[in-house]
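A.B. asks: Next one to model:
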Amino acid sequence: MSTAALSTANIHTSDPIAGQPADHSKQRAWLIQGVNEEGQRFRPSDWAERICTLMASFEGGRLQYSSLLYPVMLNGVKCVHLDDRLQSTASGIHRQVMEFVANNQLNVVESL
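C.D. replies: Down below sits the predicted model:
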């Protein structure tokens, strides 16, 4: 599956999400797709939930994902929604997520 199927532009990990200063006049968010640059689905199947637990908490005995980092499904593809504010709120977690993306060559697209 290509990123064109998701009807958004491909963003490479060397772009602003990878650690350059963000323009805070416009809040930006990203989708990390469970598809690598070659179009193959990423495994294991629960990768998105595992990444998102980095910012999750337990409330009332239930896991609650952060609004800055949470799993989503888009056109049958598991993705992680990443808000730019994560970089200033939890820079270590942001760096860990971005290293995971780079190491696994996952597609990253701007969220609408």
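A.B. asks: in the chain, which spans are strands?
C.D. replies: For the chain, the strands defined by DSSP state E cover 10-11, 29-36, 57-59, 62-64, 69-74, 77-83, 106-110.
A.B. asks: For residue 44, see how far away residue 58 is.
C.D. replies: 22 Å (C-beta to C-beta, to the nearest Å). To be clear about C-beta, it is placed using only N, CA and C from the backbone, and glycine gets the same treatment.
A.B. asks: same question, residue 87
C.D. replies: In terms of C-beta to C-beta, residue 87 sits 26 Å off from residue 44.
A.B. asks: out of the two, which sits in the busier spot?
C.D. replies: Legend: neighbour count by other C-beta atoms under 10 Å for residue 87 and residue 44, higher for residue 87 (22 against 7).
A.B. asks: Give me the phi and psi angles of residue 56.
C.D. replies: Main-chain torsions, residue 56, degrees, to the nearest 10: phi -80, psi 160.
A.B. asks: ah, wrong one, I meant residue 39
C.D. replies: phi 90, psi 10.
A.B. asks: what about the top helix by length along the chain, average pLDDT?
C.D. replies: Determined from DSSP state H, the single longest helix within the chain is helix 91-104. For helix 91-104, mean pLDDT is 95.
A.B. asks: Use 419 as the first number from now on
C.D. replies: All set: I'll call the first residue 419, so the last point we hit is now helix 509-522.
A.B. asks: Return the set of buried residues in that helix.
C.D. replies: Buried residues in helix 509-522, counted by 16 or more other C-beta atoms under 10 Å: 511-512, 515-516, 518-519.
A.B. asks: And stretch 484-492, by the same measure?
C.D. replies: Here stretch 484-492 shows 484, 486-489, 492 as buried, counting by 16+ other C-beta under 10 Å.
A.B. asks: Between those, which sits nearest residue 458?
C.D. replies: Of all the buried residues of stretch 484-492, residue 458 sits closest to residue 492, with 16.7 Å by C-beta to C-beta.
A.B. asks: so how far is residue 478 from the closest one?
C.D. replies: From residue 492 to residue 478 the distance is 28 Å (C-beta to C-beta).
A.B. asks: what's the distance between residue 462 and residue 453?
C.D. replies: Residue 462 sits 14 Å away from residue 453, taking C-beta to C-beta as the criterion.
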